[in-house]
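Novice: what's the 3D shape of this:
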Amino acid sequence: MAKEVVVKIKLQAPGGQATPAPPIGPALGQHGVNIGQFISQFNERTRDLNGTIVPIIITVYTDKSFTFEVKSPPAAVLLKQAAEVAKGSAVPNKEKVGKITPAQLRQIAEKKFKDLNAYDIENAEQLIRGTARSMGIEISE
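Specialist: Numbering: from 1, shown residues only. Model prediction:
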């Protein structure tokens, strides 16, 4: 018989560098999950991401056990890394903060594809292109 799910928790944490500090500790502690066990498993699974913020969905069961799914980093984080900027523009229609190449755009779309609501890679590129535009990042042709 399948275990009964108590709650699903959605968080964002730095890959490979999670600590019991907020937001992870309090979110898991209130449901009785072993925080140290989660942190070690999460850091082991996301070691190659090296501090990149990643969304995680933690499913907690009635016996206080858990499973978690690591999603791909948010498009905004990947775009900031590719453009080598600290943050997006406050006025993206007037002030551009960086540029990425079409090759970088495709690479980001391929990385995000399984988490996007897109039929093919071209549609995924359009979604990422829209995020870039709203951040003030140009795609140089």
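Novice: break down the protein into its helices, ranges please.
Specialist: Applying DSSP state H to the chain gives helices spanning 24-29, 35-45, 75-83, 102-112, 121-135.
Novice: wait, what's in contact with Asn117?
Specialist: Contacts of Asn117 were listed using CB atoms under 8 Å, 6 or more residues apart in numbering, and they are Leu127. In short, each C-beta sits where N, CA and C put it, glycine included.
Novice: now it: how far from Asn123?
Specialist: Separation of Asn117 from Asn123 (CB to CB, to the nearest Å): 9 Å.
Novice: what's the answer for Ile137, then?
Specialist: For Ile137, the distance to Asn123 - CB to CB - is 19 Å.
Novice: before we move on, what about Ile9?
Specialist: Taking CB to CB, one finds Ile9 at 30 Å from Asn123.
Novice: those two: which is more packed in?
Specialist: A side-by-side neighbour count of Ile9 and Asn123, using other CB atoms under 10 Å, places Ile9 first with 19 against 14.
Novice: for the closest residue in space to that one that isn't next to it in sequence, what are its contacts?
Specialist: Leaving aside its chain neighbours, Ile9 sits nearest to Ile58 (4.4 Å; criterion: CB to CB, 6 or more residues apart in numbering). Counting by CB under 8 Å, 6+ apart, Ile58 touches 8-11, 27-28, 33, 38, 66-68.
Novice: I'd like to know which of those residues are part of strands.
Specialist: In this view, these that belong to strands under DSSP state E are 8-11, 66-68.
Novice: where does the nearest residue to Gly15 once chain neighbours are set aside land on pLDDT?
Specialist: The spatially closest residue to Gly15, leaving aside those adjacent along the chain, is Leu49, at 2.7 Å (CB to CB, 6+ apart). At Leu49, the pLDDT value in this model is 82.
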